[in-house]
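> Only the shape, not the letters, is given here:
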């Protein structure tokens, strides 16, 4: 089957920053993304879990989007402007998609 | 003194406090007991709705007096002023940086609605009258502290870019405030008839739900203490206990000046003594991400919240009753 090269961007960020990040992505022309809850993990600040959290100030979400390579730079600029001061991880990997016109 | 001890014993042996202690001990013992996130969220929505509605219905039943406006104003001023006291104490008692101290101070100017709900429950159980509109005062005290803390940071040469319209909207329209005020207005508009209509939902199960919610809060506090124990140096720990007492004293003075009912004075003390762990941490993560969240969460949730629940509330009730002669 014919596949097409694309970039998959995964941004793991604090829940409180979710709407700011998605707003920034939309302004940068990225309209397709998925938001996943992150159940827990471990990082520079130690282990954490979503269980029993009472504040929206705690917890992380992951925003995933797949885009064409030529739009990557604009997306990363927009994302980095939001996440720069905050806890989070931005990663980019190559991927293949079946329907290129959708991204 | 014996009255105070008896009140403290009654409070400590109430199902509400014992549920909290169970959660605390379970977390400290590393039990896998947990309340699902969605259930905890549902319970907090229920409690906010019930307490707001009952407050509104109470205002509809007994009417408003001229003190409402003054009480709201006092609440706003207390919330704005307490962070300055907290900031000063933190800088004297601990080695905390200006940024961390301002973030912690914001929590101590704002309020803990769960402590307020627990205090209301104690007052109802003892038949101590209070003004129904204290719910509105609680809502008014959520946000000003955040602005004071950001001002404290900006005075240190930072923070000019930290407040934007989106954050201001989030602070003023956060879910807790909207639900609390909305339920208050519904309760006020529908009055005692409205309360009677849904009392089997918001009155009878209230204490049971509060027990379960406090079980969860105990788990959260215990986990916080376990994870954040390393930051609880003597000065920091002392602040977590001293600040609620300072806040309660200021709240007592405000309540007396306003001429509130004995229960109203207690609630003003509780609001001034409590520290936020829902609205303010979220605002601080957005506005001051460099501040250490373990510091403010461990202090407000692991130290001040249990202190207020177990020792503070009976103490504030005893003092308010002694001073007002109620």
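Received, thanks. Bear in mind that the values here come from a model prediction, so they are computed numbers and not experimental data.

> Buried residues in the lowest-mean-pLDDT helix or strand in chain A, which are they?
Of all helical and strand segments in chain A, the minimum by mean pLDDT, DSSP states H and E falls on strand A:46-49, at a mean of 71. Buried residues in strand A:46-49, defined by neighbour count with 16 or more other C-beta atoms under 10 Å in any protein chain shown: A:48-49. Where C-beta positions appear, they are placed from N, C-alpha and C, glycine not excepted.

> What strands flank it, and is each parallel or antiparallel?
Strand A:46-49 has the following sheet partners, assigned by DSSP bridges: strand A:40-43 (antiparallel).

> what's the closest non-adjacent residue to residue B:120?
residue B:51 (6.4 Å; C-beta to C-beta, 6 or more residues apart in numbering or on different chains).

> that's a helix at the one you found, yeah?
Yes - assignment of residue B:51 by DSSP: H, G, I helix; E, B strand; the rest coil places it within a helix.

> Now do it: how many residues are near it, please.
27 (other C-beta atoms under 10 Å in any protein chain shown).

> The residue nearest to residue A:15 when sequence neighbours are not counted and residue B:252, how far apart?
The shortest distance from residue A:15 to any non-neighbouring residue, by C-beta to C-beta, 6+ apart, is to residue A:59 (4.3 Å). Separation of residue A:59 from residue B:252 (C-beta to C-beta, to the nearest Å) stands at 37 Å.

> Kindly report the same for residue B:121.
20 Å.

> Of the two, which one has the most company?
Each of residue B:121 and residue B:252 had its neighbours counted (other C-beta under 10 Å), and the higher figure belongs to residue B:252 (21 against 18).

> secondary structure element for the more buried one?
According to DSSP states H and E, residue B:252 maps onto helix B:234-258.

> So which elements touch the following helix or strand past that helix?
Sequence-wise, the next helix or strand downstream of helix B:234-258 (DSSP H and E) is helix B:262-273. Here helix B:262-273 touches helix B:67-93, helix B:113-126, helix B:134-140, helix B:234-258, helix B:313-324, going by 3 or more C-beta pairs under 8 Å, 6 or more residues apart in numbering or on different chains; DSSP states H and E.

> any idea which of those is most buried?
When the helices and strands packed on helix B:262-273 are scored by mean count of other C-beta atoms under 10 Å in any protein chain shown, the highest mean neighbour count falls to helix B:134-140 (a mean of 26).

> right, and the helix or strand after it?
Helix B:134-140 is succeeded, C-terminally, by helix B:144-155 (DSSP H and E).

> Outside of that following helix itself, list whatever touches it.
Outside helix B:144-155, the residues that touch it by C-beta atoms under 8 Å, 6 or more residues apart in numbering or on different chains are B:76-77, B:79-84, B:87, B:98-99, B:101-103, B:105-110, B:159-160, B:162-163, B:171, B:276, B:279-280, B:283-284, B:287-288.

> can you tell me which of those residues are up against chain A?
B:279-280, B:283-284 (C-beta under 8 Å from any C-beta of the partner chain).

> correct me, but residue B:285 touches residue B:293?
Yes - between residue B:285 and residue B:293 a contact is recorded at 6.7 Å, counting by C-beta atoms under 8 Å.

> correct me, but residue A:28 touches residue A:81?
No - Residue A:28 is beyond contact range of residue A:81, at 9.5 Å (criterion: C-beta under 8 Å).

> what about those two, which has more around it?
Neighbour count, other C-beta under 10 Å: between residue A:28 and residue A:81, residue A:28 has more, with 18 against 13.

> how close does the more buried one sit to residue A:94?
Distance from residue A:28 to residue A:94, by C-beta to C-beta: 20 Å.

> Dump the helices and strands packed on helix B:262-273 into JSON lines; add distance to residue A:21 and mean pLDDT as well.
Conversion of those to JSON lines gives the following (distance: least, C-beta to C-beta, whole Å; pLDDT from 0 to 100):
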{"stretch": "helix B:67-93", "distance to residue A:21": "29", "mean pLDDT": "95"}
{"stretch": "helix B:113-126", "distance to residue A:21": "28", "mean pLDDT": "92"}
{"stretch": "helix B:134-140", "distance to residue A:21": "29", "mean pLDDT": "92"}
{"stretch": "helix B:234-258", "distance to residue A:21": "33", "mean pLDDT": "96"}
{"stretch": "helix B:313-324", "distance to residue A:21": "41", "mean pLDDT": "94"}
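
> among the ones you listed, which is nearest residue A:77?
helix B:67-93 (36.0 Å; C-beta to C-beta).

> Check the secondary structure at the residue of chain B found nearest chain A for me.
Here chain B gets closest to chain A at one residue, residue B:281, 3.2 Å apart by C-beta to the nearest C-beta. The three-state assignment at residue B:281 reads helix, by three-state DSSP.

> So which residues of chain A form strands?
For chain A, strands defined by DSSP state E occupy the ranges A:4-14, A:34-38, A:40-43, A:46-49, A:60-67, A:88-97.

> among the ones you listed, which is nearest residue B:28?
Nearest to residue B:28, of the strands of chain A and by C-beta to C-beta, is strand A:46-49 at 16.0 Å.

> How far away from the center of its chain is that closest one?
Distance of strand A:46-49 from the chain centroid (C-alpha atoms, centre = their mean, to the nearest Å) equals 20 Å.

> again with stretch A:7-14
That offset, for stretch A:7-14, works out to 3 Å (C-alpha atoms, centre = their mean).

> Same question for stretch B:207-222.
Centroid separation for stretch B:207-222 versus its chain: 15 Å, with C-alpha atoms, centre = their mean.

> can you check stretch B:117-125 too?
Using C-alpha atoms, centre = their mean, the offset of stretch B:117-125 from its chain centre is 13 Å.

> hmm, who's touching that stretch?
With C-beta under 8 Å, 6+ apart, stretch B:117-125 has contacts from B:11, B:14, B:16, B:47, B:51, B:129-130, B:206-207, B:210, B:214, B:263, B:266-267, B:270, B:309, B:313-314, B:316-317.

> Could you dump the ones next to chain A among the contacts of helix B:144-155 into JSON lines and include pLDDT and neighbour count?
What follows is those, written out as JSON lines (pLDDT from 0 to 100; neighbours: other C-beta atoms under 10 Å in any protein chain shown):
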{"residue": "B:279", "pLDDT": "83", "neighbour count": "27"}
{"residue": "B:280", "pLDDT": "90", "neighbour count": "34"}
{"residue": "B:283", "pLDDT": "88", "neighbour count": "32"}
{"residue": "B:284", "pLDDT": "90", "neighbour count": "27"}
